Structures are given as structure tokens and as C-alpha cells.
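Undergrad: Give me the fold of what follows.
(chains A and B)
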Amino acid sequence: MSSLWARVEPLLARVQKPARYIGCEDGAITPRHGAGKVAWLLAYPDTYEVGLPNQGLQILYNILNERDDAVAERTYAPWSDLEGLMRARRVPLFSVDTHRAAGDFDLLAFNLSAELVYTNVLNMVDLAGAPVRSAERDETHPLVVIGGHCAFNPEPLADYVDLVVLGEGEEVIGDITEVVHQWKASGRTPGSRTGVLRELAKVPGVYVPSMYDVEYDGQRLRAVTPRYPDVPAVVHKRTVADLGLWPYPRRQLVPLTEVVHDRLAVEVFRGCTRGCRFCQAGMITRPVRERPAEQVRTMILNGVRDGGYDEVSLTSLSTADYSGIEQLTQGLNPAGCGTSDQLTISLPSLRVDAFTVGLAGQVSGGRRSGLTFAPEAGSWRLRQVINKLISEGDLYGAVESAFSQGWHRTKLYFLTGLPTEADDDTLGIVDLARNCVRIGRQHTNRASVTVSLGGFVPKPHTPFQWFGQNTTDELRRKVQLVRDAAQKAKGVQVKWHDPSATLAEGIASRGDRRIGAVMERVWRAGGTFQEWSEFFRLGRWEDAMAAEGLSIEWYVHRHRDEHEVLPWDHLSAGLHKDFLWQDWQAALAEHGLEDCRWTPCYDCGVCTGYGIEHVVASPVPPAGGSQGTGQDLSRGGEVPVALAPRPPRDAEPTVQVGAGGATT
Amino acid sequence: MKLRIRHTKLGKVRFTSHRDTARHWERAVRKAGVRVSYSAGFTPRPKLSFGLALPTGAESLAEYLDMELEADQGTPAEIAALLGPALPTGYELVESAVVEGRSHSLQDAVVACTWQLHVAGVSADALVDAAERVVAAASVPLARERKGQRSIDDVRPAIERLVTLGPDSAGRPRLEADLCTTGRGLRPSELMEVLFPEADVLDLTARLVRTHQWIDEDGTRRELLPSAAAGRAFAAYA
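TA: Predicted coordinates:
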């Protein structure tokens, strides 16, 4: 139970960026371990630079260390150079806070925000000195926990982890701590591991995969059923009803070295009901809960004072939707924060309209590095399919506003491989970009637009969960279409995500338990850091699928039907499956769906099922653009949002989905 | 007003880079509420200028920076007292003084640095032999590759002084060297290479500490800001 620092230190002279492994951040908490305390090692399965800014991990780190019965430290995936030295010199995975061995902790808890990190989870469990398969671990090993967005389909990792936490962690980590505390107090006797897991399975929001039997009907899944009567048939997510009760992280971690988001982050609301159908985050984090404006202000002021930051990011899934965003940002600038007159406010996830750009212009402190918008699809028709209800006028208004205020570069994010996407839709991307450049050139000759293309991966718990993902060949063809068309468009650059990585993500995204063995094979073949192009090789994934006798076509490219049992049907984010199916049908019929914050409830299931409600300071929508209504909402609030009524259901045509040719 | 500060960088924080150090100071200035002048332009930067980069992993008793301050913020000692607590563990402000008039930048002014090297895996006798061999040599050729160009230089003139010291608290023998920073300067890792051409110098270098930075003024060698506190800070770590 002591520090490994003396063994780690000599390795650091030989690795890149050794500051990743020293801890010592401003805001780090001196952990106080004790016999009765439940020790959590909070792990992020990617590099320190990517993992340190993660707010979920920082929130839990603060909350756990405030408890009398718990202590928490942090760890991140060691880069391959250090991993090699650790394995050669038999140094196990360690915490960055006190360089304590991972095996000395009671729980090893991973935050999963992307599927391609799964092999890093296995690697870190192995580096911790524990067997990677949960069935082979015993009472001497830490309990391996996963949480975060990917936990909503944890089946590919089901045989490797002990617990899965669904939803928000603020409250449930206390419940888990109490059960583990009892287990420690009883001496963690031989054979007691199954008992504690059975107890943990009763905690709402906790899914213990080993307590469930999985039956197959050939390739198809027949059922996932609990083995014991006291284990729930369906596990529901946890949701914090009032974000105002959880002003965390109280102390933001300020790293000693450069990380990906090197600024103070304050979460202004959680959840989003814009209803973009491709977006898993918007579906699984409902309802919308705003943080009180006064608390946001206090958290910013404290963070700037304690951390010495000169930039704050107001985070959420769509920050311009925060009630009173203008008053909030105006109150902070220019010298409202007391300690610094150089505070820059950044607004990630910008909505696409001129109002939002005006807001960004007011708060950016003179910096005009680049603005990013996400129209996601190239035609209005396809944007109705995906329910991203941005009109061309909204986009052009936003771009006009940006170039006229001194920005030279804008970046436009698009998805390709969306349901019903035809070549006209794909080519519409270039038309939009070309028109944006034309608008920009009226203001500056340097105006340029970068199109960033991502391959669409259907995600669990979304209306697109039944859709067959495009093949890599098809995605490559679409990327090429855009590239060819953009060659003739001055000022338009195209960047694209590797379709091979999109395929691997697709295998993990909607995989079932059988995909676990694939992950293990990819890992054993050396496939760690799969999010990093220098380490990614699709061949490892194809070989592993073949070795397990599993079909990529069946797992990734096949359309599912309404009655198929999905691998995550026993896990609930509160959304009714029939709501999602109806929304899928509405998508195919090119019908948009309102934002229920400001319009009547359409009963997706979350608020009614969980007895929670939106917490929104304003009963009317914010200012900005048309917001998909065809109305001018640029002043906000004064006009109630209304969409055109839907045609009767029997009028819905049979619609071709995807370019693969299958129909529903 | 231009304030010159001398500080230490000891312990775990030595694994941060020179760029990181700049970041630590920019944050500390904001946290302490010390008002620094900003450059003009689209992206104003605080006017902090740093001395010679310290290699990542090396410790120091003699790091320097200059900061351009707005007027009326107290004496150098008072300002240093504000900044000290705002810096990471391992930094200690050991001296501060106002720099009068126009002076050379820190990078240009310094001509040599003193280094202490704690050597592992080599006996005290072997260390003395190696040091005597290098000191006695008429020339010490050393190859290096820069931008794909391989060149061989005589680095003997860059070694102004090289002596062995008694063992540290862990019983490891020590070297002390004054190495030039101008012309073909010599880095301490390169000194280890010429002392032990056959060995893996990363294994041999248990600890590396910059203890002094020197300037020439009117023909005399002196420290930028002499400090007794630096030695005390070092003793606390050693």
C-alpha cells in the first residue's frame, strides 16, 4: 500500500511528455486513505491530455473525496513508450495522485465516452495486474466499473467488467460506496465477490452483467434475463433532478502541462431536446436541466480565481439555448470577474444562426481563430430526416455574421452515410460550402470554409438504432464525391474521418456480448489507442471478427426490424422503444419533431417515466434564426414555436433507406 | 517597471517542459492579481520573458524570468510574496530585483551555467578518471545531427570547469561543471556522452541540477541574482 514513485521516476526520463504522469495539478486533492475507506481509482482510458479535462471524472473525484467513507485518485492510459517500460520492469498501472498501484484500490472505474477506447480498458485492467475477464477475478482484485455515454450499450464489455453505471454518477457513486464499504467491513472473504455483486445489482442505475443470462436464436438475440428474482429485468438510468444541487467540480483541475481543453469549464445545462435523431447524447441525457444563472456566475468567478484561467468554456450540448445566455455573458465581460480583464468566453456546440454568432463575437475577447457550425447534412430534406432543423437562411445568416465580424475561417461539420442520403444530398454539402465562401469573400479575400466529413455510426437508444450503417466502400465513394466537387470550389477545403475507423466504431457501437471476444483479440494483437490513427489498423478488427465467426455485414450494415431484440433492450435511458420507432418512421417520412422544452410533451417517456421535468428558466424559446420553424425567431421569446402539422400516418410512403438499397 | 525573478524548480515539477513553465507563470500572475503589461495586437500576451530553457527532467536553483509590470504594485519582495503561493509545488522565489534601464534579454546575457550531476552506476574513482581524461584532453570531438546534417565539433572549449564532488545523501558521486551557453555551447547530457561514450547516459544521470547562471559584466563573471536562499531550498530537497 505504498507509493510506486521511486520505481516510476527513473522511467520518466525515457518517455515523451513525462508531465502526464506526475499529478501535482492545481486542484488535486491529497487523498486520505484509511482502513475503513472505499478507495476508487477513477480511470480515463485515453491519454492524460484527453482525459484530464473530462468533467465527469472531475465531478466524481470531488464528490468522492468529500465523503468520509471514500477516497478517490485518478489514472490515465500510459502512452505506448511508458507502457513498454512498465511491462519490462514489472511496474503496474498507478495513480497519478500518489503513484499507488491500481491493485490497491477497491474499484477501478472507467469513464467511457467513445467506443474505440474499449481495448484500452482491457489493457489498463491487465496493467493493473488483474485478469481481464471478470469471471477470473476474485476478492483480491478491484471491482471494474464502467460509466459514461458508452455504458448505454456495455454488452461488448459485459464479460470484462463487473459493474456498469447508467446515467449520471453524482448520486449513484454514494450508493455503490456504501455497498462496497459493507463488503470491506466484512473482510472481503474468499468467495464473497459474487455476493457483493448481487448486492450491487439491486442499486438503481447499476447493471451487473454477470447476473444475466443471454440466449441466442442462431445469430439473433432472443433474450437477456436476470438470473435471480432480486435482480431487475430492466436497469434504468440515474438522473440528477436538480443540477443546482450539484455545483461540481468545486475545484477544477488545472494541469501543469498542455491538455486538449486548456480552459475552465462550467456546465450550464445538461440534456438536450432538440431531438437530432443521430445524436445519442441528446437522447440519453434528457430532460433539460439548466444550472441557475447565479450559480454559473459563482462557479466561473471561483474557477478563475482558484485556477488562474483566462478562458472559460460554457459547456452543454447547445449553449446558445441556455435561458438568458446574453445576460450571463454580458455580466461577465469585460471586467466583471474581478481578477482578470482578459477573460475569454468560449461557447462550444454553437447553434447555427446569426444571433449565436453575434453572441460569440461579443464574448471572444478579440480572438477570431475560427468558428465551427454543424449543419450535419447537405440538404433541407435530409436535415428534416435527421431532425437538425436548420434552414439555409440560418446558415448563411450565421456565416454572414461571422465574416462581417472579422472571422476568416469557418468550419462546417457534416455527417455522411445518413439514412435516405442520396448523392444530391451529399453534393449539397459542397453547394452550401461554396455559398458560404461567396458570402465571406464579400468581406475578406481570405475567407475560407473547411468541410469536415464524418461517417455516420448508428447509436443505441436513438431513432437510428435500426439503420444499417454504410459500408466503408460506400462512405469512401461519398467522400470522393465531395472531394471531387470541392476541387472546383475556390476556398473550400475538405477533411474527412477515416471510414475504416467508422467501421470499427460500428462494430462496437451496436455489438452484443459476442463482440467482447473480438475486443480481446484486437487488444491481444496490439490494438490499443484505436482512436489514434498511428495505432489503428482495420485488419486487426476484420481478423478478430473472422476468428470469432462473426459477420461484419450482420453486425454493422444490416437494417434491423421493429421486433428484433436489441442487445441493450434490458437497459433504459427512459425512452420508450415505440417512441423511438415512431420517430424513426417520421424520419423516413421526412418529418421534423418539435423541441419539447417550449412545446407540448410528445411523451418520449423520460419525464413521465422518471417523474422528473425540464428545468428551464424561460418558458419561451431563445432568440436566434428560424430554429426549423420557418418563422423569424431572431428576437426570441416573443413568438411561440410551432411546426407544420404532420400528415396522417397512412399517407407515409415506403422510403428507401441508405444507399445500400434495402427498404423498410 | 521590469522585475527580474530568480526561482527554483525542484521535485516532480521538473518533468514539465520549458513551455509548461511559461504557462505556470502566466497562470500565477493572474491568480495573484499582479498586473502585468500586455503586448498590443489582436491577441495580447502578458509581457513575461524567460531565460535559457531548462531541459525537461532537470531541476534548478537558478531559473530566471523578467516581467514588465504596471506601476505602483509594491516592492519586489511584496510582489514576490504574492506570486509564490500561486505557483506549483517545487517553485520557490529566492530573489527578485528591479532591472534598471535597458538591459540585455536573459537569453542573450547569460554566458555559462553551473550544473550538478548525480551519477548512478559508476564508482567515485571511475567518475574521477573520466573527468580527468576530459579535462586533460586537448580537444573533445562530439558528433551531433541537426536538421539531418551531421557535424563534429570540438566541445572542449565549452567545458570551462569540471570537478568531482563528494557523494550525495544516496551515496552517489557527483560532478560539477561550468558549461558555456554561447557559441557551440554544451548541454549537460552531451557532457555525460563525452564522459561515458559507451554507456546509456539516461541510466547514469540520476539527478541533474542547474545551480547558477552567469553573465560577464565589464570583464568580471557574476551571477544574474546571487542567492543564499537557493542553497537552502536545495538542501530542503536533497
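Undergrad: Could you check how far A:Val91 is from B:Val201?
TA: 22 Å (C-beta to C-beta, to the nearest Å). (Glycine included, C-beta is placed from N, CA and C.)
Undergrad: OK, contacts around A:Trp466?
TA: Listed by C-beta atoms under 8 Å, 6 or more residues apart in numbering or on different chains, the contact partners of A:Trp466 are A:458, A:559-562, A:564, A:581, A:584, A:664.
Undergrad: One more pass at 6 Å, please.
TA: Listed by C-beta atoms under 6 Å, 6 or more residues apart in numbering or on different chains, the contact set of A:Trp466 reads A:560, A:584.
Undergrad: domains in chain B, as residue ranges please.
TA: Domains of chain B are assigned by automatic domain parsing as B:2-108, B:110-237.
Undergrad: The nearest residue to B:Leu195 once chain neighbours are set aside: what secondary structure?
TA: Nearest residue to B:Leu195, sequence neighbours excluded (C-beta to C-beta, 6 or more residues apart in numbering or on different chains): B:Ala130, at 4.4 Å. With DSSP: H, G, I helix; E, B strand; the rest coil as the basis, B:Ala130 sits in helix.
Undergrad: burial of the residue in chain B that chain A sits nearest to, as a residue count?
TA: Per C-beta to the nearest C-beta, B:Arg27 is where chain B lies closest to chain A, at 3.4 Å. If you count neighbours by other C-beta atoms under 10 Å in any protein chain shown, B:Arg27 ends up with 20.
Undergrad: which strand in chain B runs the most residues?
TA: In chain B, ranked by residue count with DSSP state E as the criterion, the top strand is strand B:205-217.
Undergrad: Show me what counts as buried in it.
TA: B:205-215 (16 or more other C-beta atoms under 10 Å in any protein chain shown).
Undergrad: Touching it from outside, list them.
TA: B:58-62, B:109-118, B:120, B:172, B:188, B:192, B:221, B:223-224.
Undergrad: and if we set it to 8 Å?
TA: A:13, B:51-52, B:54-55, B:57-64, B:109-120, B:168, B:170, B:172, B:176, B:178, B:188-189, B:192, B:221-224, B:230, B:234.
Undergrad: Among these, which are located in helices?
TA: When those are checked against helices (DSSP state H), the matches are B:109, B:188-189, B:192, B:230, B:234.
Undergrad: Are any of these buried, and if so which?
TA: B:109, B:188-189, B:192, B:230, B:234.
Undergrad: Farthest-apart pair in those residues, please.
TA: Distance extremes for those: the farthest pair is B:Ala109 and B:Met192 at 26.5 Å, using C-beta to C-beta.
Undergrad: before we move on, back to that, I'd say the residue nearest to B:Leu195 and B:Ala199 touch.
TA: No - B:Ala130 is not in contact with B:Ala199 according to C-beta atoms under 8 Å; the separation is 9.9 Å.
Undergrad: The two - which one has more neighbours?
TA: For B:Ala130 versus B:Ala199, neighbours defined as other C-beta under 10 Å are more numerous around B:Ala130 (21 against 14).
Undergrad: residues contacting the more buried one?
TA: B:122, B:195-196.
Undergrad: Looking at it now. What's its pLDDT?
TA: Confidence at B:Ala130, expressed as pLDDT, is 96.
Undergrad: Then A:Val518?
TA: pLDDT, read off for A:Val518, is 98.
Undergrad: Give me the three-state assignment for whatever residue is furthest in space from the centre of chain B.
TA: Distance from the centre of chain B peaks at B:Phe42, with 32.7 Å (C-alpha atoms, centre = their mean). Here B:Phe42 is recorded as coil under three-state DSSP.
Undergrad: what's the nearest residue to B:Tyr64 if we skip its chain neighbours?
TA: Nearest one to B:Tyr64, counting by C-beta to C-beta, 6+ apart, is B:Gly51 at 4.1 Å.
Undergrad: Would you map the strands across chain B?
TA: So, for chain B - with DSSP E - the strands run B:2-9, B:48-50, B:59-68, B:93-99, B:110-119, B:141-146, B:149-154, B:159-165, B:174-180, B:205-217, B:220-223.
Undergrad: so the longest one versus strand B:110-119, what angle?
TA: In this structure, strand B:205-217 runs at an angle of 160 degrees to strand B:110-119, with axes from the mean of the first three to the mean of the last three C-alpha atoms, to 10 degrees as the basis.
Undergrad: so who does the residue in the stretch 301-450 of chain A positioned nearest to chain B touch?
TA: Nearest to chain B in the stretch 301-450 of chain A, going by C-beta to the nearest C-beta, is A:Gly308, at a distance of 3.4 Å. For A:Gly308, the contacting residues are A:26, A:254, B:26-31, B:86, by C-beta under 8 Å, 6+ apart.
Undergrad: hmm, 7 Å instead?
TA: The contact partners of A:Gly308, by C-beta atoms under 7 Å, 6 or more residues apart in numbering or on different chains, come to A:254, B:27-28, B:30-31, B:86.
Undergrad: Give me the pLDDT for the residue nearest the centre of chain B.
TA: Geometric centre of chain B, nearest residue: B:Arg210, 4.4 Å, by C-alpha atoms, centre = their mean. Listed pLDDT for B:Arg210 reads 97.
Undergrad: likewise A:Arg351?
TA: Reported pLDDT for A:Arg351: 83.
Undergrad: what does A:Gly36 give?
TA: 88.
Undergrad: I'd like to know how many residues surround it.
TA: Quick note: A:Gly36 (other C-beta under 10 Å) scores 9 neighbours.
Undergrad: which residues does it contact?
TA: Per C-beta under 7 Å, 6+ apart, neighbours of A:Gly36: A:Asp69.
Undergrad: Pull the number of nearby residues for the residue lying closest to A:Pro621 once chain neighbours are set aside.
TA: Nearest residue to A:Pro621, sequence neighbours excluded (C-beta to C-beta, 6+ apart): A:Trp598, at 4.6 Å. As a burial measure, A:Trp598 scores 20 neighbours (other C-beta under 10 Å).
Undergrad: next one: A:Ala114
TA: A:Ala114, neighbours per other C-beta under 10 Å, totals 17.
Undergrad: where does chain A dip in pLDDT?
TA: Scanning chain A for pLDDT under 70 picks out A:1, A:333-342, A:365-368, A:625-664.
Undergrad: same question but for chain B, I mixed them up
TA: Ranges of chain B meeting pLDDT under 70: B:238.
Undergrad: could I have the longest strand of chain B exported to PDB, CA atoms only?
TA: The C-alpha trace of strand B:205-217 is given here as PDB (Å, rounded to 0.1, in the frame of the first residue of the first chain):
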ATOM      1  CA  THR B 205      22.200  10.600 -14.800                       C
ATOM      2  CA  ALA B 206      20.300  10.100 -11.600                       C
ATOM      3  CA  ARG B 207      19.800  13.800 -11.000                       C
ATOM      4  CA  LEU B 208      20.700  16.900 -12.800                       C
ATOM      5  CA  VAL B 209      20.500  20.400 -11.200                       C
ATOM      6  CA  ARG B 210      21.300  23.800 -12.700                       C
ATOM      7  CA  THR B 211      22.700  25.700  -9.800                       C
ATOM      8  CA  HIS B 212      23.900  29.000 -11.300                       C
ATOM      9  CA  GLN B 213      23.600  31.200 -14.400                       C
ATOM     10  CA  TRP B 214      26.500  33.500 -15.200                       C
ATOM     11  CA  ILE B 215      27.000  36.800 -17.000                       C
ATOM     12  CA  ASP B 216      30.100  38.800 -18.000                       C
ATOM     13  CA  GLU B 217      29.900  42.400 -16.900                       C
END
